[in-house]
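Asker: Got a sequence here, can you build the structure:
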Amino acid sequence: MGKFRNAERPRHASFKKASPYFSDTARADGVFQGKPRPFCLPLERSEENLFSEIRSSATAYFSSEEIKWHQGRQRRPSNHMCDSQVCCLNFLFPFADKPGALVELLRPVFPGIHQMVAMEAPGQYVSYEWIGLKNYLGERLPRHAKRTRGALFTSADAAVMFERDDGLRQIALIEWKYTEAYYSSFIRFARKSGTDRLGIYAHLLNRDDCPVDKYLLPSLDALFYDPFDQLMRQQLLAHEMERAQELGAHVVSVLHIAPAHNVDLPRVTSPLLKDLGDTMIAVWKRLVRRPDRFSSTSTEELFGRFPIKRFPQLAIWWEYVTARYSWLGGM
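Answerer: Sure thing, here's the model as predicted:
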C-alpha cells in the first residue's frame, strides 16, 4: 500500500464527515470489498462521489456510451473516495462543455493548441475510457461479446481532440493516476487464464514503426510490469489511431497526469529498465521514439496554472476540488 493512499484514506473520511458536499446518509461508512470503511460511501449514495454539478451529466454519458465504472455497481460510480476514475471525472468533466476553458487548461502542455474539437456528441469535448473506433491492438473478445469501454480492453482514461495553430488535428489520450502504487510484479502471463500478453501485442511491438524503441530493451519482458505495461498499450493505441487518422487526427499522443504528492508512483518497477532512468516517466520518455508523442505533467502543476479567475462559471467546482483534494495547492 502506497504512502499517498494511506494518507488520503483518513483525509477523505474526515472530509466526508465535515464537508457540506454530502448528504447525511452519505456520511455513513460504506461497504467496500465486504467491509465497512469510513473512506467509502454507502453504495446507494455512490453518485455523491462525483461533484454535484456533473453527477447527472456524467452518469448519463457513461450510460449512453455503455462505459464501465471501475469497481462500480448497478451502473453507478465506485463508492471508494480514492477511486482514480472518479478523481479523473471530478477534475476534467466540468470542462467537457467548456471548450474555451479546456484550451486554457491544456495550453501549458500543448502550446500550439488553437481550439477544441468534439470526439463524440456535439458539445462534448472530453471523452472517457476511449478504446479507439477499431480494435487496433487485436485484443481478444470474450465469446459473444462486443468491445467495451472501461473493461477488458486498453482504454484511455480520458481523451481530447483539438486543432493546432499549424492546422493539424491532434488527439491526446490521457492516462490519469491518483493514489496508484505499483510493485515489481511480472504480469506477462495472466494469473487466472495463463494468457501470454506478449502474444497479443507482439505483432505491433515487432513492427519497424513500433513507437517504443525496443532496441533499448534487454527483452520485451521488460515492459510487462505495471505501469509500463499500461504505458506500452496506451502508446501502441495512440500510434495505431494515428496511422488510421482516426477522426481526422494527424497526431495522436499520450498525456500522463498524476499527483506530484504520490511519491510511490515514480518508482521504476521493472528490474530490466532501472538502467534507463531514475523514474518511471524518465524511463518512458527515453523509450518513446518520437518525443512529442508522450508528455507528462503533475495534477498540481496542470490545474495550479489554470487561470480560474477568468472562468467564474468554474468557481464552485474550484472550491470543491481544492477542498476535497487539498494537496492540489500544496506545491
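Asker: Roughly how far does the residue lying closest to residue 168 once chain neighbours are set aside sit from residue 166?
Answerer: What sits nearest to residue 168 in space, not counting adjacent residues and going by Cβ to Cβ, 6 or more residues apart in numbering, is residue 250, at 4.3 Å. Just so you know, the C-beta spots here come from the backbone N, C-alpha and C atoms, and that holds for glycine as well. Distance, residue 250 to residue 166, by Cβ to Cβ, to the nearest Å: 9 Å.
Asker: More neighbours: which of the two?
Answerer: Under the criterion of other Cβ atoms under 10 Å, the comparison of residue 250 against residue 166 puts residue 250 first, with 14 against 9.
Asker: if I pick the more buried one, what's in contact with it?
Answerer: The neighbourhood of residue 250, defined by Cβ atoms under 8 Å, 6 or more residues apart in numbering, consists of 168, 169, 170, 242.
Asker: beta partners of the second one?
Answerer: Bridge pairing for residue 169 (DSSP bridges) gives the partners residue 163.
Asker: That one touches residue 162, doesn't it?
Answerer: Yes. Between residue 169 and residue 162 there is a contact at 7.4 Å, judged by Cβ atoms under 8 Å.
Asker: Give me the common contacts of these two.
Answerer: With Cβ under 8 Å, 6+ apart as the test, residue 169 and residue 162 both reach residue 117.
Asker: ok, these two, which is more surrounded?
Answerer: residue 162 (22 against 17).
Asker: ok, the more buried one - contacts?
Answerer: By Cβ under 8 Å, 6+ apart, the neighbours of residue 162 are 103, 106, 110, 113, 114, 115, 116, 117, 169, 170, 172.
Asker: element containing the fifth one, please.
Answerer: Right, residue 114. Counting by DSSP states H and E, the element that carries residue 114 is strand 113-117.
Asker: Tell me the strands beside the following helix or strand past that strand, with direction?
Answerer: Moving toward the C-terminus from strand 113-117, the next helix or strand (DSSP H and E) is strand 127-130. Paired neighbours of strand 127-130 in the sheet (DSSP bridges): strand 156-164 (antiparallel).
Asker: tilt between the partner strand and strand 113-117?
Answerer: Going by axes from the mean of the first three to the mean of the last three Cα atoms, to 10 degrees, strand 156-164 is angled at 120 degrees with respect to strand 113-117.
Asker: Any chance of a PyMOL selection covering the buried ones in the contacts of residue 250?
Answerer: Those of the contacts of residue 250 that count as buried under 16 or more other Cβ atoms under 10 Å are selected in PyMOL with:
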select buried, resi 169+170+242
